[in-house]
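Engineer: generate a structure from the sequence data that follows.
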Amino acid sequence: MASFVSTHLLLELVLVISFFHFNLAARRLADTQQPLLFQYHKGPLLTGKISINLIWYGKFKPTQRAIISDFIASLSTSTPTTAQPSVATWWKTTEKYYHLINSKKPSTLQLPLGTQILDENYSLGKSLSNQQIVQLASKGAQKNAVNVVLTSADVAVEGFCMSKCGTHGSSKGASIQGKSNKFAYIWVGNSETQCPGQCAWPFHQPIYGPQSPPLVAPNNDVVLDGMVINLASLLAGTTTNPFGNGYFQGPKDAPLEAASACPGVYGKGAYPGYAGDLLVDPTSGASYNANGANGRKYLVPALFDPSTQSCSTLGLALKDSLSFFPNGPDLKQKLKENGVRLITSDIDSFVPKLTPEDVHKIVDKEKLMDIVADATSRHVNALRSLADSDASQCKLFIRGLGWDTTTNGLDCSPAG
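Structural biologist: Coordinates of the predicted model:
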């Protein structure tokens, strides 16, 4: 017996499927990914109030410094950022590493912006060794701090562009009363004149691999937006593996960490040469996946989620769903205009809580029927199973057959 699901139930199911489960590229990627086996090596993670000090080496414009400092400010949940998804929400994935160590004690880590030091006169020259990077990092506070060295476009750094866009590590600070503290540091280089195709992708054409068009940078600065990506990746690695004995996979001298374990992944459906499904600013055309302080937008990398042993992306992929709407309007804006509230259910996506009235506001009847017909044709077996499991949802009544009659039951009935 053919079964039909009631309109209300069908729409609920189809809308959920339409909004959240039609990303085929993401499914293919997930099917081919091998699980990573992250290990905890019994060392400390960063805890408490840790200031992020910025050491600017070389020439940077004030607008460029603001892009980085606003990103650091965006990490804090206390920073008023009402727009979602946010940098602070993205950062919460790192808390899961702390939870694995002590499930009863949540992470106490706070990362406020500390001091900013300008070295515009190139005190160590324009060609720096790794040891000189540590020397520059030592200019910042050496207790309860992460010192971030950012080198300008005209500064060459050992290994830059050949094997790295930045790095992080730790060093012993100056001895005070016979005691010295270990401090963590990060270095990120400006690749503008040296290797933007390596260190500023996906905002610059890549040097190798698939040659997809570059994305528009959210802060209108290809290289600085690329530096934010590298800084975000290194900061995640620093907090979860600050001294080389925290969380990582592989050899200690070349570890895969919280973000470096997910290279090139920024949104759902990512694959080599494609950053994933991202949000797009309707005014500038810029691609991003996180909102930050002071109205900023950023692109942040996927983080390895130790609870699921997989790469976790931030944001909502609506590319397929938008094709159902007239003229392809932005769904979030459409929902907002009609008073539909968006909430964050987890770090992976936004879940619109839609009532039947909400649906009528954002989709006309004809388009809604297109959604229903399309989803039904692809999920007819699932819909039949659902209908058969609850006879009260069937709309077709045949005199002489009970309400508990199913397709299988009818097939087995004796002929009469």
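
Engineer: regarding the closest residue to residue 169 other than its chain neighbours, what is its secondary structure?
Structural biologist: In space, and not counting its chain neighbours, residue 169 is closest to residue 185: 6.1 Å by CB to CB, 6 or more residues apart in numbering. Using the backbone N, CA and C atoms, a C-beta is placed for each residue, glycine as well. Of the three states, residue 185 takes strand according to DSSP: H, G, I helix; E, B strand; the rest coil.

Engineer: how near is residue 185 to residue 145?
Structural biologist: 9 Å (CB to CB, to the nearest Å).

Engineer: between the two, which one's more packed in?
Structural biologist: Between residue 185 and residue 145, counting by other CB atoms under 10 Å, residue 185 is the more crowded of the two (26 against 22).

Engineer: where does pLDDT dip in the stretch 101-250 of the chain?
Structural biologist: Within the stretch 101-250 of the chain, the segments meeting pLDDT under 70 span 103-104, 174-178.

Engineer: let me see the ranges of the helices in it.
Structural biologist: 130-137, 196-199, 222-240 (DSSP state H, counting those that start in this stretch).

Engineer: out of those, indicate the one that is most buried.
Structural biologist: helix 222-240 (a mean of 25; mean count of other CB atoms under 10 Å).

Engineer: neighbours of residue 294, how many?
Structural biologist: Residue 294: 12 neighbours (other CB under 10 Å).

Engineer: Three-state assignment for it, please.
Structural biologist: From three-state DSSP, the assignment for residue 294 is helix.

Engineer: please apply the same query to residue 56.
Structural biologist: Three-state call for residue 56 (three-state DSSP): strand.

Engineer: list the contacts for it?
Structural biologist: By CB atoms under 8 Å, 6 or more residues apart in numbering, residue 56 lies in contact with 65, 116-120, 150, 152.

Engineer: residue 64 contacts residue 221, doesn't it?
Structural biologist: Yes. Here residue 64 reaches residue 221: they are 6.3 Å apart, a contact under CB atoms under 8 Å.

Engineer: quick one: residue 117 from residue 131, how far?
Structural biologist: 19 Å.

Engineer: next one: residue 303
Structural biologist: From residue 303 to residue 131 the distance is 30 Å (CB to CB).

Engineer: kindly report the same for residue 105.
Structural biologist: Taken as CB to CB, the span from residue 105 to residue 131 is 37 Å.

Engineer: now for residue 58, how many residues are close by?
Structural biologist: Counted with other CB under 10 Å, residue 58 comes out at 17.

Engineer: state the distance from it to residue 144.
Structural biologist: 27 Å.

Engineer: one more: residue 236?
Structural biologist: Distance from residue 236 to residue 144, counting by CB to CB: 19 Å.

Engineer: same deal with residue 199?
Structural biologist: Taken as CB to CB, the span from residue 199 to residue 144 is 30 Å.

Engineer: likewise residue 260?
Structural biologist: From residue 260 over to residue 144 the distance is 25 Å, taken as CB to CB.

Engineer: who has more neighbours out of the two?
Structural biologist: The residue with more neighbours, out of residue 260 and residue 144, is residue 260; 18 against 14, by other CB under 10 Å.

Engineer: does the more buried one touch residue 240 like I think?
Structural biologist: No. Contact criterion CB under 8 Å: residue 260 and residue 240 do not qualify, at 11.0 Å.

Engineer: what's the burial count for residue 211?
Structural biologist: Using other CB under 10 Å, residue 211 has 10 neighbouring residues.

Engineer: equivalent analysis for the one 10 residues further on, please.
Structural biologist: Residues within reach of residue 221, counting by other CB under 10 Å, total 18.

Engineer: ok, now how distant is it from residue 286?
Structural biologist: 11 Å.

Engineer: same check, this time on residue 168
Structural biologist: To residue 286, residue 168 is 28 Å away according to CB to CB.

Engineer: and for residue 230?
Structural biologist: Distance from residue 230 to residue 286, by CB to CB: 18 Å.

Engineer: can you check the pLDDT for residue 15?
Structural biologist: pLDDT recorded at residue 15 is 46.

Engineer: again with residue 347
Structural biologist: Residue 347 is assigned a pLDDT of 33 by the prediction.

Engineer: do I have it right that residue 160 meets residue 194?
Structural biologist: Yes. The pair residue 160 and residue 194 passes the contact test of CB under 8 Å, sitting 6.7 Å apart.

Engineer: the two - which one has more neighbours?
Structural biologist: Neighbour tally, residue 160 and residue 194, criterion other CB under 10 Å: the higher count belongs to residue 160, 23 against 19.

Engineer: distance of the more buried one from residue 283?
Structural biologist: For residue 160 relative to residue 283 (CB to CB), the value is 34 Å.

Engineer: which strand residues bridge residue 55?
Structural biologist: residue 117, residue 149 (DSSP bridges).

Engineer: strands along the stretch 51-200 of the chain, start to end?
Structural biologist: 51-57, 113-119, 127-128, 145-151, 156-157, 166-172, 182-189 (DSSP state E, counting those that start in this stretch).

Engineer: show me what the fifth one is packed up against.
Structural biologist: Counting contacts by 3 or more CB pairs under 8 Å, 6 or more residues apart in numbering; DSSP states H and E, strand 156-157 is packed against strand 127-128.

Engineer: partner strands of the strand it packs on, with direction?
Structural biologist: Strand 127-128 has these strand partners (DSSP bridges): strand 156-157 (parallel).

Engineer: contact partners of the partner strand?
Structural biologist: Counting by CB under 8 Å, 6+ apart, 126-128, 130, 133, 151, 187, 189, 194 sit against strand 156-157.
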